[in-house]
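**Q** A predicted structure for the sequence below; I have some questions about it.
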Amino acid sequence: MADTQTARSAMPTPLTIDLRTPLSLRAAWRFPLQTPESRRDLLIGAAWLLVPVVGWLLNMGHRVRYVHRLMHGQPPWPAWDRPGELLWHGCVTFAGMAVYGAPGVVLMAAGAWLGATWLGAIGFALWLVAVIAIPGYMSHYCRAFDVREVFDPRRALSRVRQGGAAYWRAWAVVLPTMLVSFVGLLGFGVGFLVTSVWFWQAAAFCFATVFTRRFALDDDRGAAPA
């Protein structure tokens, strides 16, 4: 009897919000807080942010892993095991961000250095396009951890286009969520460690929901869970 109770207590809490849940502000805000396991992972992520660079990359890898598990019908949390693997996923996806954003950043820096406002404006426009394109590869990378999904801006932008109104609805949820996360700064900055992790997890949920539905990324044919 005691063994049965122990086994039950070790089972993950059933989800009330997953990638099939209709996207809304309420669902996004509740997603990272919905189970004891998710709340524990959030606090671990906040603690990792105290480690410069590495902690941020590990948090990114953590988001990749739990989205992957959601796509394959697995319990998403806890997901902080095998930190080396998390760091790899974080480095791969950050490298994609750097590649996409580099042209815009270089032009903005050049514009500032030369006093050329027009050059800075072009750089900002390119950087903005990069930000818009990044979600176009993140969810697809989460599905099977295929690095080729990351470094293809044309494909990423095509997926953004195919995401249609649902993609822009995700941004309409993500932006106010980001603003709310800054409330954590009121807690002497420490609270922002928690609210920033909460924001990034909510944002990952928003975009993963859109692209999973649009491209059937939760169809397990041909992809192995991990």
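**A** Cool, got the structure.
**Q** Name the single longest helix found in the protein.
**A** helix 83-114 (DSSP state H).
**Q** so how far is it off the chain centroid?
**A** 16 Å (CA atoms, centre = their mean, to the nearest Å).
**Q** Packing partners of that helix?
**A** Helix 83-114 is packed against helix 54-71, helix 117-133, helix 135-144, helix 153-181, with contacts defined by 3 or more CB pairs under 8 Å, 6 or more residues apart in numbering; DSSP states H and E. Every residue, glycine included, has its C-beta placed from N, CA and C.
**Q** Could you check how far the first one is from the centre of its chain?
**A** Put plainly, it is helix 54-71. 7 Å.
**Q** burial count for residue 134?
**A** Using other CB atoms under 10 Å, the number of residues around residue 134 comes to 19.
**Q** mind listing what residue 217 touches?
**A** Listed by CB atoms under 8 Å, 6 or more residues apart in numbering, the contact set of residue 217 reads 71, 139-140, 142-143, 208, 211.
**Q** What are the buried residues along stretch 30-40?
**A** 30-32, 34-35, 37-38 (16 or more other CB atoms under 10 Å).
**Q** Same check on stretch 84-101?
**A** Buried-residue list, stretch 84-101, by 16+ other CB under 10 Å: 86, 88-90, 92-94, 96-97, 100-101.
**Q** next one: stretch 172-189
**A** 173-174, 177, 181, 184.
**Q** What of stretch 205-217?
**A** 205-213, 217.
**Q** just stretch 61-76 next, same as before
**A** The neighbour-count check on stretch 61-76 (16+ other CB under 10 Å) flags 61-72, 75-76 as buried.
**Q** closest to residue 124 among the buried residues of stretch 172-189?
**A** Closest to residue 124 out of the buried residues of stretch 172-189 is residue 174 (19.5 Å), distances taken as CB to CB.
**Q** Hmm, that closest one is touching residue 204, no?
**A** No. Using CB atoms under 8 Å, residue 174 makes no contact with residue 204, being 9.7 Å away.
**Q** so what's the most centrally placed residue in the chain closest to, chain neighbours aside?
**A** When CA atoms, centre = their mean is applied to the chain, the residue found nearest the centroid is residue 204 (3.3 Å). Leaving aside its chain neighbours, residue 204 sits nearest to residue 63 (4.4 Å; criterion: CB to CB, 6 or more residues apart in numbering).
**Q** which residues of this structure score low on pLDDT?
**A** Scanning the chain for pLDDT under 70 picks out the ranges 1-11, 220-226.
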